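Undergrad: Give me coordinates for this.
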Amino acid sequence: MRPRVHAALVAPALIFFSPALFFHRALYVRDTGIYFYPHKAWIAAMLRSLQLPQWSAQEFGGLPIIADPNYNFFHPLGLLTDFLPLPWGFQLFVFTAVLLASYSAYWLGRELRLSGAASILCAWTFAWSGPFVSLMESGSVLVVASIPGLFAATVRLRRTGATRDLLLVAVTAALLFFTGVPEVAGAGFLLALVLSGRRLPKVLAGCALGAGLAAIQLLPTAAFVRESSRGMGFGPEPAFRFLRIPALIFPLFDGWLDAPGVPYWSFAGTPWVEAVYLGAVVLLLASFGLKKQWPVLLAALAFACLATTPGFAEARVLLPPLRDLRFGDKFILPLAMAVPIAAATGFDRLTANKRLLRPALGMALLSLVCFAAAAFSPFAGFAAPQIECLRVTALRYVPLELAMLSAALVCVAHGRKHFLFAILAVELGLPAATLNRTIPAEELIAKTPLEPVLADAGRDFRIDVQSAGLHNEDAGSIGEPDWLRTHQIFTIRHLALYDPGTAPELLLMRGYSGFPSGLMKDLYAKGDLNLLSVRYGVEFGSGGRSIYPALGFRLVSDRGLVRIFRNDRALPRIRMEPHGSVKIVEERNDALRIEVDAAAPSRLVVADTMARGWTATIDGAKASPLPGALRVIDVPAGKHAVRWSYLAPGLFAGAIVSLLSLIVALTLWRRGHVGGSW
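TA: Reported below is the predicted structural model:
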């Protein structure tokens, strides 16, 4: 690979991530600050203490960790966050994932027998599209970054049919299984099958072997999701909303910079994919690659239709797997994967046959004008801010997209590929820059002034966190005007999870996880915080009605936007009922040893989540836990040694399946190598 290719792929990522990599700033928006940073730091702390991070008691009464694929524990890139200091290690992880996406998309272009320039175009239009850049805020970027590699391996196997390339499909499939976000990964697998052509059986065999290699992750995840609140499914939620379709061509269509004061995402609610921008130039080039790449584009459009129409709610009723999905707009990502393939193909076709340029220019102008007329006409029922957003967007971005489209076609006509790439850099770079938000890294590790008050809870009680009454102006005064999740909420979580070695290990009742135990979540919803050992309630915001006084909590600290309430009736987290004493001998993330002394038969209550995988013994003999959300066992009178231990369901079986699959893969590799088919 030539140096200029490396420069073209690496330079955009270096520019985008330079504040986070070199200027001591940190990504923080959305899942990054309140989900990935603290959990990955906790995982690193467990590994440093030579513990396998199977279970964390810090949130929602306890959650499985290894079984949650969002933490990428078994993925090789996960090592960057497990063994490097945070937050820098996490930002290097995201930066490396972006490079993986760029190089994999370039490899895909070469496997499709496209020119070097077209392959670079494929990499750019994939890695710097609005949907992909939206995910650079979080660990979810890895799932999308891994899909082009599977595509490239599939195309290679389609051409050669060799055993080595079947193994390449297996490896890329296994890496994709390790990344989490199964609905996005599933869409990637389906598009790979579309690309497989007549080699479909071999591609299926490679994916099956990849699933075997990843069984150490897949089997625990399956057991984990089934017992979580996510496994119970979600109610009907809005579709991706067809009104965001203009944002595929016009950047910032959803508001924000378009019209000051207009709520961001005013047309679609808060989405999972923050921006869907692909660009007019990219979509025009893709239209000329339609002839060769129509199967994968058609499949991607089918997903997009599912995401952009009210049919998503009905589909969730008919298709049980969709009931576990929270955001329908995830299904716009397949379009962001397929369009770069078609755009790169169309680029080579246009540069080889310039007679297509005249009808191309005419078609582009006509389609944009018609599109603008339809998209920006004042629809009945729009509120005044939305109409203003439409008007400002039309005035700013329709002329801009027309100008870039015309300039791009002129560059193709005169063979000015470098100028074309400069136009693409502007078209993709400007929207991407608006999504590059960082804060000083010190803010992620600063001590919170609430620490002395909350340290009293320790590991004997829990803390509940509410953001009741939080307004935009409140968030702005704290320092996060773009998001309603405050920095103070993060610092509370930082105390509990970010650095267990130096901060008190607080136990939170309300954590930020999409997979709490369904039974524990129901118990919490009933409001019996005494039973759940909640000693403190922390509330943020200047308005709204507080829930804590009605539950018997008293106000102990009022710092304006942050108020702390104390519950003196909270029961200890580990207790004997109705009478008896307990002494904690040892507590690890996956084990708990307790000495109890009961004057009469009693019950030992550990107010932590009861989940499959937890087992109990009394004086070495197996005990049967009582059914319910909490870990409870009956204890006979007298002094006894009780031990609770946890092994993630499916972890042992998954490790065996992965080992056997690895043996099969090595055997196939050896036979292929010795037989000379390599």
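
Undergrad: Find out how far stretch 29-39 is from the centre of the chain, if you would.
TA: 10 Å (CA atoms, centre = their mean, to the nearest Å).

Undergrad: how long is that stretch from one end to the other?
TA: End-to-end distance for stretch 29-39, by CA to CA, to the nearest Å: 15 Å.

Undergrad: So for that stretch, mean pLDDT?
TA: For stretch 29-39, mean pLDDT is 76.

Undergrad: which parts of the host helix or strand of L150 are buried?
TA: Counting by DSSP states H and E, the element that carries L150 is helix 141-160. By neighbour count on 16 or more other CB atoms under 10 Å, the buried set for helix 141-160 is 141-158. Bear in mind the C-beta positions are built from the backbone N, C-alpha and C, glycine included.

Undergrad: That one: what's the following helix or strand?
TA: helix 163-177.

Undergrad: tell me the angle of that following helix relative to helix 141-160?
TA: Put simply, helix 163-177 runs at 160 degrees to helix 141-160, going by axes from the mean of the first three to the mean of the last three CA atoms, to 10 degrees.

Undergrad: what's in contact with helix 163-177?
TA: 69, 75-76, 143, 146-147, 149-150, 152-154, 156-157, 185, 188-189, 202-203, 205-207, 209-211, 213-214, 217-218, 665, 668-669, 671-673, 677-678 (CB atoms under 8 Å, 6 or more residues apart in numbering).

Undergrad: which of these count as buried?
TA: 69, 75, 143, 146-147, 149-150, 152-154, 156-157, 185, 188-189, 202-203, 206-207, 209-211, 213-214, 217-218, 665, 668, 672.

Undergrad: pLDDT-wise, which helix or strand of this structure ranks last?
TA: helix 472-478 (a mean of 48; mean pLDDT, DSSP states H and E).

Undergrad: and G654, what element?
TA: Going by DSSP H and E, G654 is in helix 651-674.

Undergrad: Show me the helices in the stretch 51-200 of the chain, by range?
TA: For the stretch 51-200 of the chain, applying DSSP state H, counting those that start in this stretch gives helices covering 79-83, 88-111, 116-127, 130-134, 141-160, 163-177, 182-195, 200-213.

Undergrad: what does the last one contact?
TA: Under the contact criterion CB under 8 Å, 6+ apart, helix 200-213 has outside partners 153-154, 157-158, 161, 166-174, 176-177, 189, 192-193, 196, 218, 657-658, 660-662, 664-665.

Undergrad: At the geometric centre of the chain, which residue do we find?
TA: S140 (3.0 Å; CA atoms, centre = their mean).

Undergrad: Tell me which residues touch that one, please.
TA: Applying CB under 8 Å, 6+ apart, the residues contacting S140 are 31, 70, 180-181, 184.

Undergrad: any idea which of these is closest to L278?
TA: Using CB to CB, V184 comes nearest to L278 of the contacts of S140, at 17.0 Å.

Undergrad: Report how many residues lie close to the closest one.
TA: 22 (other CB atoms under 10 Å).

Undergrad: Buried residues, the helix or strand hosting A8. List them.
TA: Using DSSP H and E, A8 maps to helix 3-22. Buried positions in helix 3-22, judged by neighbour count with 16+ other CB under 10 Å: 5, 8-9, 12-13, 16-17, 19-21.

Undergrad: And for stretch 595-604?
TA: 596-598, 602, 604.

Undergrad: Out of those, which comes closest to H414?
TA: L604 (80.6 Å).

Undergrad: mind checking the SS state of the closest one?
TA: strand (DSSP: H, G, I helix; E, B strand; the rest coil).

Undergrad: so it makes contact with E595?
TA: No. The pair L604 and E595 does not pass the contact test of CB atoms under 8 Å, sitting 10.7 Å apart.

Undergrad: Need the overlap of contacts for these two.
TA: Counting by CB under 8 Å, 6+ apart, the residues touching both L604 and E595 are 582, 642.

Undergrad: Any figure for the gap between F553 and R588?
TA: 31 Å (CB to CB, to the nearest Å).

Undergrad: now do A205
TA: 41 Å.

Undergrad: List the contacts of G62.
TA: Counted by CB under 8 Å, 6+ apart, G62 has contacts 55-56, 517, 520, 608-609, 611.

Undergrad: How is this protein partitioned into domains?
TA: Following automatic domain parsing, one gets these domains for the chain: 3-27+87-436, 574-647.

Undergrad: Which one, of those domains, ends up nearest to A455?
TA: The nearest among the domains of the chain, by CB to CB, is domain 574-647 at 17.6 Å.

Undergrad: beta partners of V642?
TA: I594, I618 (DSSP bridges).

Undergrad: Same check on S228?
TA: Beta-bridge partners for S228, by DSSP bridges, are S517.

Undergrad: tell me, how many neighbours does it end up with?
TA: Other residues close to S228 by other CB under 10 Å number 25.

Undergrad: same deal with R48?
TA: Neighbours around R48, by other CB under 10 Å: 12.

Undergrad: Under the pLDDT cut-off, which ranges of the stretch 251-400 of the chain? List them.
TA: Across the stretch 251-400 of the chain, the ranges flagged by pLDDT under 70 are 251-271, 306-327, 354-396.

Undergrad: An error on my part: the question was meant for the stretch 451-600 of the chain.
TA: 451-453, 458, 467-506, 510-515, 541-544, 560.

Undergrad: ranges for the strands of it?
TA: Per DSSP state E, counting those that start in this stretch, the stretch 451-600 of the chain carries strands over the ranges 462-466, 507-508, 534-540, 554-558, 562-566, 574-577, 581-588, 591-598.

Undergrad: coming back round to it: and the residue nearest to the centre of the chain, how far is that from P53?
TA: 20 Å.

Undergrad: Then L200?
TA: 39 Å.

Undergrad: Just the ones in strands from the contacts of G62, please.
TA: Among the contacts of G62, DSSP state E puts 55-56, 608-609 in strands.

Undergrad: Pick the one among those closest to R416.
TA: Closest to R416, out of all of the ones in strands among the contacts of G62 and judged by CB to CB, is S56, at 55.6 Å.

Undergrad: List the beta-bridge partners for that closest one.
TA: L63.

Undergrad: wait, doesn't it sit right on D590?
TA: No. With contact defined as CB under 8 Å, S56 does not reach D590; the gap is 9.7 Å.

Undergrad: Can I get the ones in strands among the contacts of G62 in CSV including pLDDT and neighbour count?
TA: CSV is the format used below for these (pLDDT from 0 to 100; neighbours: other CB atoms under 10 Å):
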residue, pLDDT, neighbour count
W55, 90, 25
S56, 85, 24
D608, 90, 25
T609, 89, 24
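
Undergrad: And the strands in the stretch 201-350 of the chain?
TA: Shown for the stretch 201-350 of the chain, no strands are assigned by DSSP E, counting those that start in this stretch.

Undergrad: those helices in it, which residues are they?
TA: Counting by DSSP H, counting those that start in this stretch, the helices of the stretch 201-350 of the chain are 215-227, 280-288, 290-308, 311-318, 333-352.

Undergrad: Out of the ones you listed, flag the one nearest A653.
TA: helix 215-227 (5.7 Å).

Undergrad: For the residue sitting furthest away from the middle of the chain, grab phi and psi.
TA: Largest separation from the mean C-alpha position in the chain: A599, at 50.5 Å (CA atoms, centre = their mean). Dihedral pair for A599: phi -70, psi -20, per degrees, to the nearest 10.

Undergrad: Mind picking the one among the contacts of S140 that's closest to S102?
TA: Distance to S102 across the contacts of S140 (CB to CB) is lowest for V184, with 18.3 Å.

Undergrad: Good, we can wrap up now.
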